[in-house]
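Trainee: Sequence and predicted model, in that order:
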Amino acid sequence: MSIRAQAHGESAALRTLLRSVGQIVLQRHAGTGACLLAALALCDLRLACAALIGATTANVCAVLAGHPDAAIRDGLAGFNGALAGLAACSLIGDAATAIAAALLAAAAAGWLGAPLGRRLARAGLSVYSTPCLVATWAWLALRAGAPSAPPAPVHAFATLFAADGAVPHSTGLALRALGGVLSGVAQSEFASGAPAGLLVLAGIALSSRRAAGFALAGAALASAVELACGAAPADFDAGLAGFNGALAALATLTLGTRAAFCATMFAAVLHLAAVRCGLPAMTAPFVLASWCAHGTARALNRKDGAGGAARPAAPATQDAGPTSAHDNDATRAAPSVAR
């Protein structure tokens, strides 16, 4: 193998790995993945390592299982592994146990991705983070009662200013609100804090500025809904009230603003209900809300088609994935995942 061919292969492998991380926020862009890794490293270097370990493991399993090369290149085979690795390292306190669980969960997510995707596609549904949820819920059930990792520290914008009254009360509230919303964007990949949220938002904007706007609006709307319904302020500060809304908005933006608004609201209600019931919902509210939005869109399409009218068809594949095999990060592909 020539040096040039070897360099090209290494570059392609790196792009695949970065795209796998970028697909956590439904973006097929290596630059998005790089920004997400930077956000994770800003919070905890172990989280960045967990995402890389999980994505690599899932991609290797996908290759061994014979998954389509195009799906692997675009990161669709690896993002659930990255999420599974992040979940394990975020929820398990012991480092050695966390790494072992991350490897096993990522491998399971990698093997499950294609079969689950095919079965869901028959119903016109996208796989999203379903493989990660199945793998993570499995080991959570096995470890029921075991201690979990301590919560990640909260880094709100207000902490960047002096706490001795130098910031007016109204300004402090505005900064806290902005910090909580940005932290909601960051929580889509198990990060926390406004600086991490800004990095995630910048990464999404590299792929699509419209998608970045929807993610920010989704986190803000979901946070407002959950706070109005009695969510704990600490959950808002940590971003736990907003991340499902941000992901739901990203998953349904192709359906239009109204559909994204409804999906975001539904995801927030589902997440709050899961919290009240003490269930580890993770990204399940976003997945269910997105399925409902796309299912409703397809039903309306069929109804209008029967009447002679035509609407744009809702995407039936992973929303972050491409519709072509072009290997160009600058090209935002039409919809084809996360806590």
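Mentor: Done, it's in.

Trainee: Tell me who's in contact with residue 109.
Mentor: Contacts for residue 109 were tallied using CB atoms under 8 Å, 6 or more residues apart in numbering; they are 54, 58, 80, 81, 83, 84, 131, 132, 134, 135. For glycine as for every other residue, the C-beta is placed from the backbone atoms N, C-alpha and C.

Trainee: tell me which of the residues you listed is nearest to residue 172?
Mentor: The shortest gap between residue 172 and any of these belongs to residue 83, at 33.9 Å (CB to CB).

Trainee: okay, now that closest one: neighbour count?
Mentor: Residues lying near residue 83 (other CB atoms under 10 Å) number 36.

Trainee: And for residue 260?
Mentor: As a burial measure, residue 260 scores 24 neighbours (other CB under 10 Å).

Trainee: So residue 89 versus residue 99, what's the distance?
Mentor: Here residue 89 is placed at a distance of 8 Å from residue 99 (CB to CB, to the nearest Å).

Trainee: Taking the contacts of residue 109, tell me the two that lie furthest apart.
Mentor: Between all members of those, the longest pairwise span (CB to CB) is found for 54 and 134 and amounts to 14.5 Å.

Trainee: Which of these two has more residues huddled nearby?
Mentor: For the pair residue 54 and residue 134, the greater number of neighbours falls to residue 54 (32 against 16), based on other CB under 10 Å.

Trainee: Distance check, the more buried one against residue 277.
Mentor: Computed with CB to CB, the distance linking residue 54 and residue 277 is 28 Å.

Trainee: cool, residue 195 as well?
Mentor: The gap separating residue 195 from residue 277 is 32 Å, by CB to CB.

Trainee: Please say which of the two ends up with more neighbours.
Mentor: Regarding residue 195 and residue 277, a neighbour count based on other CB under 10 Å identifies residue 195 as having more, with 21 against 8.

Trainee: So that one, which state does it fall into?
Mentor: Following DSSP: H, G, I helix; E, B strand; the rest coil, the label given to residue 195 is helix.

Trainee: Quick check: which ranges of the stretch 1-150 of the chain have low pLDDT?
Mentor: Of all residues in the stretch 1-150 of the chain, those with pLDDT under 70 make up the ranges 1-10, 145-150.

Trainee: Can you give me the domain boundaries for this structure?
Mentor: What the record gives for the chain is the domain set 8-145, 192-311, from automatic domain parsing.

Trainee: Format these as JSON lines; extra columns: distance to residue 179.
Mentor: Formatted as JSON lines, these follow (distance: least, CB to CB, whole Å):
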{"stretch": "domain 8-145", "distance to residue 179": "14"}
{"stretch": "domain 192-311", "distance to residue 179": "4"}
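
Trainee: any idea how far the closest residue to residue 215 other than its chain neighbours lies from residue 106?
Mentor: Distances taken as CB to CB, 6 or more residues apart in numbering place residue 246 nearest to residue 215, at 4.6 Å, with adjacent residues excluded. The span separating residue 246 from residue 106 equals 23 Å under the rule CB to CB.

Trainee: what sits up against stretch 264-277?
Mentor: Under the contact criterion CB under 8 Å, 6+ apart, stretch 264-277 has outside partners 217-218, 221-223, 225-226, 229-231, 235, 241, 244-245, 247-249, 252, 280-281, 284-286, 288-290, 292-293.

Trainee: any idea how far residue 189 is from residue 172?
Mentor: Distance check for residue 189 against residue 172: by CB to CB, it reads 27 Å.

Trainee: more crowded one of those two?
Mentor: In this comparison of residue 189 against residue 172, neighbours counted by other CB under 10 Å, the higher total goes to residue 189 at 31 against 17.

Trainee: The more buried one is in contact with residue 51, isn't it?
Mentor: Yes. Using CB atoms under 8 Å, residue 189 and residue 51 qualify as a contacting pair, with a distance of 7.3 Å.

Trainee: Are there residues contacting both of those two? Which ones?
Mentor: In terms of CB under 8 Å, 6+ apart, residue 189 and residue 51 are both contacted by the residues 21, 24, 36, 40, 86.

Trainee: Which of the residues you listed has the largest number of neighbours?
Mentor: Going through the shared contacts of residue 189 and residue 51 with other CB under 10 Å as the criterion, the one with the most neighbours is residue 24, at 33 neighbours.

Trainee: In contact with residue 17, which residues?
Mentor: Residues touching residue 17, when contacts are defined by CB under 8 Å, 6+ apart, comprise 33, 52, 55, 56, 59, 78.

Trainee: which element is the residue nearest to residue 68 when sequence neighbours are not counted on?
Mentor: Leaving aside its sequence neighbours, residue 68 sits nearest to residue 114 (CB to CB, 6+ apart; 7.8 Å). Following DSSP states H and E, one finds residue 114 within helix 95-122.

Trainee: got the angle for the helix or strand following that helix vs helix 95-122?
Mentor: Beyond helix 95-122 in the direction of the C-terminus, DSSP H and E gives the next helix or strand as helix 130-142. With axes from the mean of the first three to the mean of the last three CA atoms, to 10 degrees as the basis, helix 130-142 and helix 95-122 are set at 130 degrees to each other.

Trainee: Past helix 130-142, which element shows up next along the chain?
Mentor: Per DSSP H and E, the first helix or strand lying C-terminal to helix 130-142 is helix 169-186.

Trainee: so what does that next one touch, helix or strand wise?
Mentor: Packing contacts for helix 169-186, counted by 3 or more CB pairs under 8 Å, 6 or more residues apart in numbering; DSSP states H and E, involve helix 194-207, helix 209-228, helix 233-238, helix 243-252.
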